[in-house]
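Asks: Got a sequence here, can you model it:
(one chain, ligands or ions: 1)
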Amino acid sequence: MTLQYINNELTMHGHKLTDIAKEYGTPLFVYDETMICEQCRRFHSALAKSRLNYTISYASKAFSAIQLFNLMAEENMGLDVVSEGELYTALKSQVDPARIHFHGNNKTDQEIRYAIESGVEYFVIDSLDEIERIDRLATKQVKAVLRINPGVEAHTHEFIQTGQEDSKFGLSIKKGLALEGVRKIEAAENIDFMGVHFHIGSQIFESTGTVETVKLVIEWLKENDIEIQVLNIGGGFSIKYTDEDVSYPIEEGIQTITDALKTACETFDYHVPELSLEPGRSIVGEAGITLYEVGNIKEIPDTNYYVSIDGGMSDHIRTALYDAKYELRLVNREEAHDKMMTIAGKLCESGDIIRRDIRLPSSIQTGDLLTVLSTGAYHYSMSSNYNQMLKPAVVFVSEEGVRPVIRRQTLEQLVQNDII
Ligand code: LLP
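Replies: The predicted model follows:
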């Protein structure tokens, strides 16, 4: 991240954040576009080094925007979409539909038809019912991979863990459902079976769980004589929110995973499939920050010091939802972090907190600008209109300049669907 204080003001690629806030207003999401590209390139070069056949799809749920998808197309990334809305957005971009994968544990008939008409590369099938549904709705031959549940528990927040046995996602290997699914797809008239998919969770710091799963899956494929072309291992690579976290070491981690795949294929005498990855958070997470203006400050003697900002859980839900922690910086001057305080949102809910008990400059006053770091993933995409808050604008910053990516929502848009 090219965020640095120059002349006592925080800048990104040399552009003052105060100027950007003045032009686009607050709350505002600001992305370091160069860093997004760099993250894509790191995954590409790590995978290219393995000499395996591979593809990478950006998990668009992390942050969906047409201009971001255009950037993904330039960086030779496909897309993973999970709803007709994400597919619609993707189709407005320059991403080739043949590089789009359609996910979801409950795709509607309408979504299945839409994905087929749009020419997506494949479906990631999530249940036995879905196989019949896709087969029935297919107007042409369609491709699919099956999402299997390996029963491996990733060490992360329970709500973003997905590989444990009791999960709404995928078909369990241990319970025999995965094998039943494969046989059913192989027998389906209109579906070509391409391979298997797993995703054991998100914000995973290291590769142990993935390595274990790769071995288990290759052994299972061999044992059951299942031929695959593609092994899709999902996303889940961690980012650094605070000093307690580690950014997933992409170069070493991918090498560990690709080595494990090669070794497992050798051990079980299985042909090496194409490897597919679906990173979301690790592409955009650390590249994005949120800018807020400070409003009221309230000191409760011997209790707490509340600094309120002009956004909140409508654009920053992860603290309320996952107890996630973030680092903040004062934007318009650099000063020592000398006072304990709580940064609160402006929504009508006690849980609307950005960060509890953080040390920041005691001089913070109304009108100052604060930035919350590492908000590029699952912030804008999880934003809401709670309290009829407007969704913020989004801009991309690079050495070339600042460009708007999403406009701020307007009051008219808030009520445009109301029937009056
Ligand atoms: N592939 C599949 C099948 C997924 O379900 C996900 C995330 C990804 C890829 C991308 O995972 P990533 O690389 O971004 O970790 N709202 C939560 C995250 C939910 C993730 C859901 N699936 C959060 O804010 O942490």
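
Asks: switch to C-alpha atoms for all contacts and neighbour counts from now on
Replies: Noted.

Asks: May I have the secondary structure class of residue 47?
Replies: Under DSSP: H, G, I helix; E, B strand; the rest coil, residue 47 falls in the helix class.

Asks: so how far is residue 377 from the residue of the stretch 101-250 of the chain found nearest the ligand?
Replies: Residue nearest to the ligand within the stretch 101-250 of the chain: residue 236 (3.2 Å; Cα to the nearest ligand atom). As for residue 236, its distance to residue 377 is 12 Å (criterion: Cα to Cα, to the nearest Å).

Asks: Between these two, which has more neighbouring residues?
Replies: Set side by side, residue 236 and residue 377 show more neighbours around residue 236, with 27 against 24, by other Cα atoms under 10 Å.

Asks: Mind pulling the model confidence for the nearest residue to the more buried one once chain neighbours are set aside?
Replies: Of all residues not flanking residue 236 in the chain, residue 202 sits nearest, at 3.7 Å (Cα to Cα, 6 or more residues apart in numbering). Residue 202 is assigned 93 on the pLDDT scale.

Asks: Excluding sequence neighbours, find me the nearest residue to the residue of the stretch 301-420 of the chain found nearest the ligand.
Replies: The nearest approach of the stretch 301-420 of the chain to the ligand comes at residue 378, 4.6 Å away (Cα to the nearest ligand atom). Excluding the flanking residues, the one nearest residue 378 by Cα to Cα, 6+ apart is residue 62, at 4.8 Å.

Asks: what's the neighbour count on the one you found?
Replies: For residue 62, the count of nearby residues is 20 (other Cα under 10 Å).

Asks: The residue of the stretch 101-250 of the chain closest to the ligand touches residue 277, doesn't it?
Replies: No. Judged on Cα atoms under 8 Å, residue 236 makes no contact with residue 277 at a distance of 9.5 Å.

Asks: List the residues that contact the residue of the stretch 101-250 of the chain closest to the ligand.
Replies: Applying Cα atoms under 8 Å, 6 or more residues apart in numbering, we find residue 236 in contact with 199, 200, 201, 202, 203, 204, 278, 279, 280, 281, 282.

Asks: First-to-last residue distance for stretch 101-121?
Replies: The first residue of stretch 101-121 is 6 Å away from its last residue (Cα to Cα).

Asks: Distance from it to the middle of the chain?
Replies: Taking Cα atoms, centre = their mean, to the nearest Å, one finds the center of stretch 101-121 at 20 Å from the center of the full chain.

Asks: And for stretch 270-290?
Replies: Centre-to-centre, stretch 270-290 and its host chain are 9 Å apart (Cα atoms, centre = their mean).

Asks: so for it, what's the average pLDDT?
Replies: Per-residue pLDDT values across stretch 270-290 average out to 98.

Asks: That stretch near the ligand anywhere?
Replies: Yes. Part of stretch 270-290 sits close enough to the ligand to count as contact by Cα under 6 Å from any ligand atom, namely 278, 279, 280, 281, 282.

Asks: ranking those by neighbours, who comes first?
Replies: Sorting those by how many neighbours each has (other Cα under 10 Å) puts residue 282 first, at 29 neighbours.
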